[in-house]
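J.: Got a predicted structure plus its sequence, pasted below:
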Amino acid sequence: MAPTLHDEDPLRRFDASGGFVVLDGGLSTQLEALGADLRDALWSARLLMDDPARVAEAHRAFFEAGADVAITASYQASVEGFVAKGSTPGRAAAALAGSVEIARGARDAWWAGGHAGRQLPLVAASVGPYGATLGDGSEYTGALAIAPSALEVFHHDRIRMLMVARPDLLAIETIPSLAEATAVLRALAAFPDARAWVSFTCRDGTSLADGSSFAAAVEVVAADPHVVAVGVNCTAPPAIAQLVATAARTALPVVAYPNHGGIWDAVAKAWGGASEADLAQLVPSWIDAGARLIGGCCGIDAEALRPIARAVRAA
């Protein structure tokens, strides 16, 4: 029988530790903790050009806190966004590839210090939703002011730029609708070497951000041979266990990295109303539901990730 794409799954290096993988936290949150001002249309992507050393410092902080994966600063990066701020398409493409190189460099420098009992961390190139590049909050509603064919081209071009730097895998994350997930998967088909996880942002325990069925979306995504894990991110903590249990009906490892429970204000470009939930205390319930790749998203800096990582490794 011919091998499937899953036979080259980068997550397999973690099988010896029960298959559990500690993801990092919210990169923008950690950058702000390090003093970065992200009040800009490019958000954290601006630092890929203006302050790459601070991005590397944020990645190192997450490794020290226990992360097995660095998710790159490309979530909101796009050629269109950089050009609108006065850059050139060539420099924008270099910045996207550079997001992978910065994370890999930070990983290699940290690893050189010696870390017994740890696996070499992975570098996951972030592929955020189209709405994230607009800065209007539409990634949390699923509203798409773009034709499906153009959306596919948009994602194809960004994936191409990221794959030039050969990340270990892609983090296709905060996807608010099945329509956008389908467009990304069509784009992904052009890259036979690519492996990815796909994680959705959800409004509750059953529905994507646009109100459609999480279960139906997971089923479609899990059938794609490029996809090595599926789940949920940037969703309020109380909904995570139910969503994980739904995703665990597939044959793939389940991803879970919630935000801190706040609500994103696209005008102020800030989170409000953070949850009082202790995410580390919720980790056992996520694991019981079937989660294997666990971390945090917006609002979770390196210090907040540390107890999450301990809880995962205690499982």
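T.: Nice, thanks for sending it over.
J.: Please enumerate the helices of the stretch 101-250 of the chain.
T.: Ranges of helices in the stretch 101-250 of the chain, per DSSP state H, counting those that start in this stretch, are 130-134, 148-163, 178-188, 214-222, 240-247.
J.: how about low-confidence regions in the chain?
T.: The chain contains residues with pLDDT under 70 at 1-7, 135-138, 140, 142, 262-277.
J.: and Asp157, what does it touch?
T.: Val79 (CB atoms under 8 Å, 6 or more residues apart in numbering). The way it works is simple: take the backbone N, C-alpha and C, and place the C-beta from them, glycine included.
J.: again, only this time at 10 Å
T.: Going by CB atoms under 10 Å, 6 or more residues apart in numbering, Asp157 touches 78-80, 89, 93, 96, 187.
J.: again, but for Leu293
T.: 11, 14, 19-23, 68-69, 124, 171, 197, 199, 228-231, 233, 253-257, 312.
J.: Selecting buried members of these in PyMOL, what would you type?
T.: Per 16 or more other CB atoms under 10 Å, the buried members of the contacts of Leu293 correspond to this PyMOL selection:
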select buried, resi 11+14+20+21+22+23+68+69+124+171+197+199+228+229+230+231+233+253+254+255+256+257+312
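J.: List the ones among the contacts of Leu293 that fall in strands.
T.: Per DSSP state E, strands hold the following members of the contacts of Leu293: 21-22, 69, 124, 171, 197, 199, 228-231, 233, 254-257.
J.: which of the residues you listed sit farthest apart?
T.: Val22 and Val230 (17.9 Å; CB to CB).
J.: residue ranges of the strands in the stretch 1-150 of the chain, please?
T.: With strands called from DSSP state E, counting those that start in this stretch, the stretch 1-150 of the chain shows them at 21-22, 69-71, 122-127.
J.: Can you add distance to Ala247 and give those strands back as CSV?
T.: Listed next are the strands of the stretch 1-150 of the chain as CSV, based on distance: least, CB to CB, whole Å:
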stretch, distance to Ala247
strand 21-22, 15
strand 69-71, 18
strand 122-127, 18
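J.: nearest to Ile146, of those strands?
T.: When the strands of the stretch 1-150 of the chain are compared (using CB to CB), the closest one is strand 122-127, at 15.6 Å.
J.: Report the distance from the closest one to the chain centre.
T.: For strand 122-127, the separation from the chain centroid amounts to 7 Å (computed by CA atoms, centre = their mean, to the nearest Å).
J.: Does anything pack onto it? Which helices or strands?
T.: Judged by 3 or more CB pairs under 10 Å, 6 or more residues apart in numbering; DSSP states H and E, the packing partners of strand 122-127 are strand 69-71, helix 89-111, helix 148-163, strand 169-175, helix 178-188, strand 196-200.
J.: how about a cut-off of 7 Å?
T.: Packing partners of strand 122-127 (3 or more CB pairs under 7 Å, 6 or more residues apart in numbering; DSSP states H and E): strand 69-71, helix 89-111, helix 148-163, strand 169-175.
J.: Can you say which of the ones you listed is nearest to Pro52?
T.: Closest of the helices and strands packed on strand 122-127 to Pro52 is helix 89-111, at 5.2 Å (criterion: CB to CB).
J.: what angle separates that closest one from helix 148-163?
T.: 50 degrees (axes from the mean of the first three to the mean of the last three CA atoms, to 10 degrees).
J.: what does helix 89-111 rub up against?
T.: 48-49, 52, 55-56, 59-60, 63, 70, 72-74, 77, 79, 82-83, 120-121, 123, 125, 158, 161-162, 164-165, 167 (CB atoms under 7 Å, 6 or more residues apart in numbering).
J.: Would you list the buried entries among the residues you listed?
T.: If you count burial by 16+ other CB under 10 Å, the buried members of the contacts of helix 89-111 come out as 48-49, 52, 55-56, 59-60, 63, 70, 72-74, 77, 79, 82, 121, 123, 125, 158, 161-162, 165, 167.
J.: buried set for stretch 40-54?
T.: Result for stretch 40-54 [16+ other CB under 10 Å]: buried residues 40, 42-49, 52, 54.
J.: any idea how far the closest residue to Val255 other than its chain neighbours lies from Tyr75?
T.: Distance criterion CB to CB, 6 or more residues apart in numbering; nearest residue to Val255, sequence neighbours excluded, is Gly231 at 3.2 Å. Separation of Gly231 from Tyr75 (CB to CB, to the nearest Å): 17 Å.
J.: Val127 and Val255: what is the separation?
T.: Separation of Val127 from Val255 (CB to CB) stands at 14 Å.
J.: Now for these two: what residues contact both?
T.: What both Val127 and Val255 touch, as defined by CB under 7 Å, 6+ apart, is an empty set.
J.: follow-up on the earlier one: so which of the strands of the stretch 1-150 of the chain comes closest to Leu282?
T.: So among these, strand 21-22 is nearest, using CB to CB, at 14.8 Å.
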